[in-house]
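1. Let's see this in three dimensions:
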Amino acid sequence: MSRLLFHPLSLIIITILGLIFSYSLYQSSQKYVHSSQNLAISEQNIAQEQQAIEQVKNELNQANLTLSEEKIIRDELLQQSPGEYVVQIPNLDDLPEPTPPTSQELTPWQSWRQLLFGQ
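-> Numbering: from 1, shown residues only. Down below sits the predicted model:
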C-alpha cells in the first residue's frame with residue numbers, strides 16, 4: 001500500500017486533484033466576494049428607496065393638513081378669500097437688464113414731449 005502511495009503516477013494524480021480542489025476553492029471565494037458586493041449594493045439601494053418612501057409619506061402627510069391646502073390654494077393657484085388682494089412680484093431673474101442711460105441730455109421741452117407722447 002505504501003508503495004502505491006509513493007508511486008509517481010499516484011503522486012501526479014494526487015497533485016492534480018489538489019490543484020483542482022484549490023482552484024475550486026478559489027472560484028468559490030471569488031463568487032462569495034462578488035455576492036457580498038452585490039448584496040451591499042442592493043442593501044444600499046433598498047435603504048435609499050426606503051428613505052425616498054419616507055420622504056414621500058411625510059410630504060403626503062403635510063399636504064393633507066388644512067394649512068398646507070390653504071398654502072397651495074394661495075401660492076400655486078393664486079386664489080384668495082373674499083376681500084383679499086393678490087400681489088404677484090416677479091422674479092428678479094425674469095426682468096430684462098436695464099439699458100444704460102444715453103449720454104445725450106435732453107432739454108426740458110424734449111423731456112416733457114418724450115414723457116407725454118412717447119417720442
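2. CA atoms for contacts and neighbours, from now on please.
-> Noted.
3. got any ranges where the chain has weak pLDDT?
-> 1-2, 94-95, 100-103, 119 (pLDDT under 70).
4. Could you pull out the helices in the chain for me?
-> In the chain, the segments counted as helices under DSSP state H are 2-5, 8-64, 66-75, 108-117.
5. what helices or strands is the second one leaning on?
-> Packed against helix 8-64 by the contact rule (3 or more CA pairs under 8 Å, 6 or more residues apart in numbering; DSSP states H and E) you find no helix or strand.
6. and residue 92, which of the helices of the chain is closest to it?
-> Among the helices of the chain, the nearest to residue 92 by CA to CA is helix 66-75 (18.0 Å).
7. how much does that closest one deviate in direction from helix 8-64?
-> 80 degrees (axes from the mean of the first three to the mean of the last three CA atoms, to 10 degrees).
8. Could you dump the helices of the chain into CSV with distance to residue 83 added?
-> Shown next, in CSV, are the helices of the chain (distance: least, CA to CA, whole Å):
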stretch, distance to residue 83
helix 2-5, 106
helix 8-64, 26
helix 66-75, 14
helix 108-117, 35
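9. got a markdown table for those, with mean neighbour count too?
-> Conversion of the helices of the chain to a markdown table gives the following (neighbours: other CA atoms under 10 Å):
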| stretch | mean neighbour count |
| --- | --- |
| helix 2-5 | 9 |
| helix 8-64 | 12 |
| helix 66-75 | 13 |
| helix 108-117 | 11 |
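10. and residue 91, which of these is closest to it?
-> Checking the helices of the chain against residue 91 by CA to CA gives helix 66-75 as the closest, at 14.4 Å.
11. gap between the closest one and the chain center?
-> Offset of helix 66-75 from its chain centre (CA atoms, centre = their mean, to the nearest Å): 27 Å.
12. Please apply the same query to stretch 20-31.
-> Mean-position distance between stretch 20-31 and its chain equals 40 Å (CA atoms, centre = their mean).
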